[in-house]
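>>> only the shape, not the letters, is given here:
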């Protein structure tokens, strides 16, 4: 299995940027399809972005397109989410997740999860 630890969250103003990191340990990070999800208070966990094992393929939720960039460094066992032009509606706990086979935007399809990092965007 793989252990995931997110970091980089915080309190920012609308229009600011943040870069989230997800450090992986355990089994080979490069074997996993990775995703970022978020969950706002009172709402279901939702897909933000995903990236293939080699980083060749990425896919974004409509809410993230043009503002967020997912990337990974397999040599450092780390997943990133660069978030620009942040909006108050981006406020949520952000989670990274790992998936062994196939592609999906469904949280239930991912096998391993981090503990989350809080992102709060003030207006």
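Perfect, I can see it now. Everything quoted here is computed from the prediction, not taken from an experiment. Numbers count the residues shown, from 1 in each chain.
>>> can you show me the strands along this structure?
Ranges of strands within the chain are 2-7, 10-13, 18-26, 33-39, 46-51, 58-60, 68-73, 78-83, 92-99, 112-113, 117-122, based on DSSP state E.
>>> looking at these, which is nearest to residue 105?
strand 46-51 (4.0 Å; C-beta to C-beta). In short, each C-beta sits where N, CA and C put it, glycine included.
>>> and the closest one with strand 92-99, angle?
For strand 46-51 against strand 92-99, the angle by axes from the mean of the first three to the mean of the last three C-alpha atoms, to 10 degrees is 50 degrees.
>>> pull out the buried positions in strand 46-51.
Within strand 46-51, the residues that count as buried by 16 or more other C-beta atoms under 10 Å are 47, 48, 49, 50, 51.
>>> list the contacts of that strand.
Strand 46-51 is touched from outside by 33-39, 57-61, 63-64, 68, 70-72, 79, 81, 94, 103-107, with contacts defined as C-beta atoms under 8 Å, 6 or more residues apart in numbering.
>>> ok, now with 6 Å
34-38, 58-61, 64, 68, 70, 72, 105 (C-beta atoms under 6 Å, 6 or more residues apart in numbering).
>>> got it, and stretch 75-89?
By C-beta under 6 Å, 6+ apart, stretch 75-89 touches 12, 14, 16-24, 29, 34, 36, 67-72, 96, 121, 123.
>>> got the buried residues of strand 46-51 as a markdown table, with pLDDT and distance to residue 1 columns?
As requested, these are exported to a markdown table (pLDDT from 0 to 100; distance: C-beta to C-beta, whole Å):
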| residue | pLDDT | distance to residue 1 |
| --- | --- | --- |
| 47 | 98 | 22 |
| 48 | 98 | 23 |
| 49 | 98 | 22 |
| 50 | 97 | 19 |
| 51 | 97 | 19 |
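>>> turn those into CSV, columns for distance to residue 7.
As requested, these are exported to CSV (distance: C-beta to C-beta, whole Å):
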residue, distance to residue 7
47, 21
48, 16
49, 17
50, 20
51, 18
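>>> much appreciated, bye for now.
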